[in-house]
Every structure is written in structure tokens, then in C-alpha cells.
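1. no sequence for this one, just the structure:
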């Protein structure tokens, strides 16, 4: 236990952190009773503390994380009921601390990140999306371009077909394909192994072509070292090229031979434009589906606070009302999305009727899982067949179905699939309630990730619901905070079970 | 959601900082202000059909916030040891007896500007404590300082910010969108 302090500044700080001991609380009370100026000071400090907490919570981009393992000190998002329970349970020998949460520090094995893809198609099991952290292992690019940034700083653009194995944050092995590399001074020493030798970069721009039998290295800027298999190291300077199979000959570097790897900005923009146009066509094609209850495409104008329902044959399902959320860019330039960030942010919905079968689908970008339950789509309260589609703090996609007609409620979870490596990426989530198969199925990016048995079926209800938030339906007492942190740019709700092919189509 | 409900939600959000200011006045307990604001929002929307949205909503929101604040205050403090409850009650009475109107909504805009003017070391401290939610003993470990020293340093930073806000108010304050 720490030494009790008599310093009013320290006591006020302990008060603000909600960690005064009983002795300290007694001392502070005596000081406040004796000194009105100190009372004034305390309320000023509390006021500033509250404002600083709000300003920091609303920051869109927090500074880089400090080295220190974060020990969370605050209870500001903790539901009142939980806080009271925690306070009641956690009593430390003569103190009444609300114990700070010691989160286990997350780790990652990633060594690089996929920054861009232009018509990129992958094969062989790994199909990373743009923004995906990449762990060591083989990447097979069937076609298209992929730009990879290694954590040490080197940036490599690969053209498919190619095979690139990531070895570490500063080393890769390329066995086929063509690539260009930009290696800034911080990444000096970046190595690429090939079947015919190793290229060690000394801070430069170079190209490597393994599509020809003799394998070529071209240096456009700076200098590289070639370590051909079985022969001495050869330095290669700016403007020079060499065949790895014949290190006796020097050629002139030919940047035109790598032109297909250039202009990635323009090509990315073009690729995004085409993807957006494809989506515009396919999104509209769902609207006439007679089982579609709700289709929010989030393309409503920025001054409106309403999300139109584009389901043509469900006139009884009204538009959603936006509360708090701000408009922002979605998956591509031109695609609009709503940002859910604050405790008030939500889209209010009303879906009449009762439904045995359901499919929920959404495109989301998860920015963090700050709450115990992070709402995607939740019916008010939790009773009488209410649907709660959410993500748990540990990254499980969950469909909670409240009990009805004497049957108990039940959660239907995936494994932890929405882990920090997926934060900041656009993801397609879908969940089906299948009364025929008596199960709930979850999909991530069009792939089945979990089937959970649901032995008893009963009709589900969604009279009042919220996207990205929840409320307890007007019951007294405080409401648990369950708002989503991230973006959403499309939401569909069907009163039938979509096939796997249809879900893959939605996730394209 | 009806258009009336939508309008009610929009009006609430326009008064969000006002509600927080009232919450802080009636429940000056760390971390409680956000919970109160959330609860007032839900109760306000839950009964929206009762409200005349053409009238000034401040008196209504102030009353609702005071009731919610008192309720959550009791829930939050009743589990505490007796001496802590006495301290909390004393602080609450002090805050309530202050004549000054809640200044939260005026000051939070000024605070953002004042943060930019802090010296680097002070800003670093603010980032560790407020942005990264790291407790003062852990900050002390990282910065090789005593925990009490970190507490005093945070207190001084808030003093500086308070002075800066006061200066801005005296100057008439900057124009905020």
C-alpha cells in the first residue's frame, strides 16, 4: 500500500483518478472544510479533467502509442452498474480502489503491410486485403499489382504472377515474377533472395525481373550489392544492370522494362473507380428482392440525417434516422459511410413484423473494440425475440437472440475473428438464422467462419433497433454503453437465408 | 423513427455540452459526466413526443440532467466507505452552491486551442494520461519520476490550461464554428 499523502495537489489528483484511500479521503475532507479556496480549486480541476477526457476521447487520431504497457486508469466508459459492482468487489486492505484493468498486451508477428492492390488476385490460401498486416510466409500473386511496405521501411511493388516469401521486416525471397523496390536510408541493408543469388540494397531504387531465365537486376538510383550463388560479391551502381546468371556482363539499367510497376497512384484510383461502379450496379440489383426488408446503401446526401431504405418491396420498413454520426468516405472515393465514434452515435430503425429466417449483412471498418459489446445492429432492450448483432471485446462476431414464448435466449458466437490485425480494414460481415438447418451461420468476407446450432426456433422481432448502438428500451437506470467504433457503408437485412454464393456476391 | 424524434435527437446533440456542464455541477464525480449525458439522451428521446421542440429546451434538459445526475450519483457513491461518502457529498454541495453558471460548453472549445499552446513536456504528459489512459504511477515509472511528482505536474498543466482559457474569455474568445 502506498504512503498516505498530505499534499492537497496529490490528493486532488487521486480523487480525479478515483483512487483515494480512506485515510486520504479523510484528509482531503478536512482540508476542504478548512479551506474554501481549496474547494474552489478542486472543482476547477475536476472541470478541466472532464473536458480533457472528452477532448482526448474525441480525438480522431491519437498519437503513436507509448512504449509503456498501457494500464487503463479510467472508468469513464464503464457502465454504472458494472462500476458499482467492481467497487463493491475490489477492496484492497484498507483502500477502496477501483482496480485498474490490466489488459494482456497484444502481440503481432507481422513484418509488413499490404498497402495497395491493383486488380490483385491471390492464390495458395493467403488472400490479404489492402491494409492487412502480413506475417512471414509465402504470398502467391496470381495477377495484378501489390504494394507491400516492410516494417523496416522498404516498399516493394510486385507484379503477378509472382511468388514472394516474406522472411522478416527486412528480408524477402522472390522465386518468380517482377518487382521494383524503394529502399529509404532507414531500411538500408534490405535483402531479397532469389534462386540465383541475393540482392542487398544500400539505399536505392531497383528492379528485379525473375521472369527471364537469367534473372536481371536494374539499379535506378543509389547502389546495391549482388551476392550471386557461388561467386564473389558484385557492387552495382546507379544506371547499371546485370544478369544474375552472368555477372561478368554489365548492362544499362532500363527503367522502361519496369514501367508496368509505375504510376500506382493513378492505377489504384482507376481500380477503385471501377470497383465503385461495379458496386453501384450490383447493389441496385438486390433492391427488387421480395425478401429484402432493408437496404441502406449510405449514398444519401451529406446534409440529410436520413438513410433511405432502397428495398423496393418492403414499403412498411421506413428510412433510418441518423443520430450523432458524421458522414465520411467509405470503401472507395465517392462511396459514402457513417462514422460511429461517440456514445450518442446511432441510426434508429424500425422493422415491423416477425421473422423466423434472417440474413444480416454489412460492410464495416472496425477501428477498435472498446466496449464489452460493440453493436452492429441491436434491437432495443433484450427480450421477446430481440436480435442483437454485435462484436464482443475479444473479437467474436455474435448474434444474440433474446428468449421468447418460454424459450431461453442464446448467443451464437464465432471464434475471435475481428482481432487487431483486421482493424482499419473494410470487412464484410454476414450472419444467417436458418430455421431449416436449425443453426446460425456467420461469414467474414464471404467465407463461412462459424455454424452454431440453434435447436429451438421461434419468430424474431425488431420493432425498434439501432445500427451501431443500443438502448435498453426506456427501462429505468443507466444504459450500458455499447456503441460501435468504426465506419459502416452498407447494411442489408433479408427475411430469408441467403445462399453462400449470394453472400460471396455481397462481399465482392 | 418519426421526424419529431429525429428533430428531438438533433436538438439534444446541439445541447450536449450544456447537459455535460449541468451534469458536472450536480455530480462532480470523476467519470460520471458521460454516463449522465448518455442517460439523459435516452430518457429525452424516450419521451420525445411530450416535448415542445419549438421552445427553449435548456430548462427542461437542466431539470432532467439534475434528476439523472442525482440518481447516478447515489448509485455511484453508496457503495463507498463512509468517509468517502462524506467527502463526495461535501464536494457535491460545494459544486451545487457555486453561483456560476456551468461554463462547460464555452470552455471546451477554448480548451482545444489552449492545448496546442502547451510546452512539449506538458503536452507529452497530457497525451500519456488523457489520450493513452495511463495511470499516474505507471507514467512515473516510464518517466523515472515519483508518482506524487506526476500528480503535481498534471495539476500544474491543468492550471496552465485554466489560465489560458480565462485569458481567452477575457479577450472575448476566438470565433468557433
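-> Arrived safely. Given the structure is predicted, the values throughout are model-derived calculations rather than measurements.
2. Kindly report the domain assignment for chain A.
-> As assigned by automatic domain parsing, chain A contains the domains A:8-97, A:112-259, A:276-507.
3. let me fix that: chain B
-> Domain segmentation of chain B under automatic domain parsing yields B:3-97, B:105-171.
4. can you list those in JSON lines and add distance to residue A:371 and mean pLDDT?
-> Where you see a C-beta, it was placed from the backbone N, CA and C, and this is true even at glycine. Below are the domains of chain B laid out as JSON lines (distance: least, CB to CB, whole Å; pLDDT from 0 to 100):
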{"stretch": "domain B:3-97", "distance to residue A:371": "12", "mean pLDDT": "84"}
{"stretch": "domain B:105-171", "distance to residue A:371": "14", "mean pLDDT": "87"}
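5. want to try JSON lines for those, with mean neighbour count and distance to chain A as columns?
-> Output for these, formatted as JSON lines (neighbours: other CB atoms under 10 Å in any protein chain shown; distance: least, CB to the nearest CB, whole Å):
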{"stretch": "domain B:3-97", "mean neighbour count": "19", "distance to chain A": "4"}
{"stretch": "domain B:105-171", "mean neighbour count": "17", "distance to chain A": "4"}
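6. Where does residue A:232 sit: helix, strand or coil?
-> coil (DSSP: H, G, I helix; E, B strand; the rest coil).
7. Just want the phi and psi numbers for it.
-> Backbone torsions of residue A:232, given as degrees, to the nearest 10, read phi -70, psi 160.
8. Likewise for the one 3 residues further on?
-> Backbone geometry at residue A:235, expressed as degrees, to the nearest 10, gives phi -80, psi 140.
9. who's it bridged to?
-> Beta-bridge pairing of residue A:235 under DSSP bridges involves residue A:225.
10. Can you give me the distance of the spatially most central residue of chain A to residue B:137?
-> Taking CA atoms, centre = their mean, the centroid of chain A lies closest to residue A:423, which sits 1.8 Å from it. Here the criterion is CB to CB, to the nearest Å. By it, residue A:423 lies 29 Å from residue B:137.
11. Kindly report the same for residue A:340.
-> According to CB to CB, residue A:340 and residue B:137 sit 33 Å apart.
12. I'd like to know which elements the helix ranked longest in chain B is packed against.
-> Counting by DSSP state H, the longest helix found in chain B is helix B:147-170. Under the contact definition 3 or more CB pairs under 8 Å, 6 or more residues apart in numbering or on different chains; DSSP states H and E, helix B:147-170 sits against helix A:8-16, helix A:36-57, helix B:104-116, helix B:120-126, helix B:136-143.
13. what helices or strands is the last one leaning on?
-> Contacts defined by 3+ CB pairs under 8 Å, 6+ apart place helix B:136-143 against helix B:147-170.
14. now the strands: where do they sit in the stretch 301-450 of chain A?
-> For the stretch 301-450 of chain A, the strands defined by DSSP state E, counting those that start in this stretch cover A:306-307, A:320-323, A:326-329, A:336-340, A:346-355, A:358-368, A:373-379, A:387-392, A:396-401, A:410-416, A:426-434, A:439-444, A:447-453.
15. outside of the fourth one, which residues touch it?
-> Spelled out, that is strand A:336-340. The contact list for strand A:336-340, computed with CB atoms under 8 Å, 6 or more residues apart in numbering or on different chains, reads A:298-300, A:302, A:307, A:322, A:325-331, A:345-347, A:365, A:468-469, A:483-489.
16. can you do 6 Å?
-> Contacting residues not belonging to strand A:336-340 are listed as A:298-299, A:325-326, A:328, A:330, A:468, A:484, A:487-489 [CB atoms under 6 Å, 6 or more residues apart in numbering or on different chains].
17. Those residues: which two are farthest apart?
-> The largest separation in the contacts of strand A:336-340, counting by CB to CB, is between A:299 and A:484 at 20.0 Å.
18. Low-confidence stretches in the stretch 51-200 of chain A?
-> A:57-106 (pLDDT under 70).
19. hey, where'd the strands end up in it?
-> Per DSSP E, counting those that start in this stretch, the stretch 51-200 of chain A carries strands over the ranges A:112-123, A:133-134, A:137-150, A:155-168, A:171-183, A:191-194, A:197-201.
20. Setting the sequence-adjacent residues aside, check what's closest to residue B:134.
-> Nearest residue to residue B:134, sequence neighbours excluded (CB to CB, 6 or more residues apart in numbering or on different chains): residue B:128, at 5.0 Å.
21. isn't the one you found right up against residue B:135?
-> No. With contacts counted by CB atoms under 6 Å, residue B:128 stays clear of residue B:135, the gap being 9.7 Å.
22. Could you export the strands of the stretch 301-450 of chain A to a markdown table, including columns for mean pLDDT and distance to residue B:72?
-> A markdown table is the format used below for those (pLDDT from 0 to 100; distance: least, CB to CB, whole Å):
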| stretch | mean pLDDT | distance to residue B:72 |
| --- | --- | --- |
| strand A:306-307 | 90 | 32 |
| strand A:320-323 | 90 | 22 |
| strand A:326-329 | 91 | 28 |
| strand A:336-340 | 94 | 24 |
| strand A:346-355 | 92 | 21 |
| strand A:358-368 | 96 | 26 |
| strand A:373-379 | 95 | 21 |
| strand A:387-392 | 95 | 24 |
| strand A:396-401 | 95 | 26 |
| strand A:410-416 | 93 | 28 |
| strand A:426-434 | 97 | 34 |
| strand A:439-444 | 96 | 36 |
| strand A:447-453 | 94 | 37 |
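23. quick one, which of those is nearest to residue A:156?
-> Smallest distance to residue A:156 across the strands of the stretch 301-450 of chain A (CB to CB): 23.1 Å, for strand A:426-434.
24. same for the closest one, what does it pack against?
-> With contacts defined as 3 or more CB pairs under 6 Å, 6 or more residues apart in numbering or on different chains; DSSP states H and E, strand A:426-434 has these neighbours: strand A:358-368, strand A:439-444.
25. one more time with 7 Å
-> In terms of contact count using 3 or more CB pairs under 7 Å, 6 or more residues apart in numbering or on different chains; DSSP states H and E, strand A:426-434 is assigned the packing partners strand A:358-368, strand A:396-401, strand A:439-444, helix A:500-506.
26. ok so, going back, tell me which of the strands of the stretch 51-200 of chain A lies nearest to chain B.
-> Closest to chain B of the strands of the stretch 51-200 of chain A is strand A:133-134 (CB to the nearest CB; 21.2 Å).
27. show me what contacts residue B:91?
-> A:42, B:28 (CB atoms under 7 Å, 6 or more residues apart in numbering or on different chains).
28. surely the residue nearest to residue B:134 meets residue B:136?
-> No. Contact criterion CB atoms under 7 Å: residue B:128 and residue B:136 do not qualify, at 9.3 Å.
29. Nearest spatial neighbour of residue B:117, chain-adjacent residues omitted?
-> Nearest residue to residue B:117 in three dimensions, chain neighbours excluded: residue B:164, at 6.3 Å (CB to CB, 6+ apart).
30. same deal with residue A:272?
-> residue A:332 is the one closest to residue A:272 (CB to CB, 6+ apart), at 4.3 Å.
31. What is the burial count for the one you found?
-> Per other CB atoms under 10 Å in any protein chain shown, the neighbour tally for residue A:332 reads 17.
32. residue contacts, it?
-> Contacts of residue A:332 (CB under 7 Å, 6+ apart): A:272, A:275-276.
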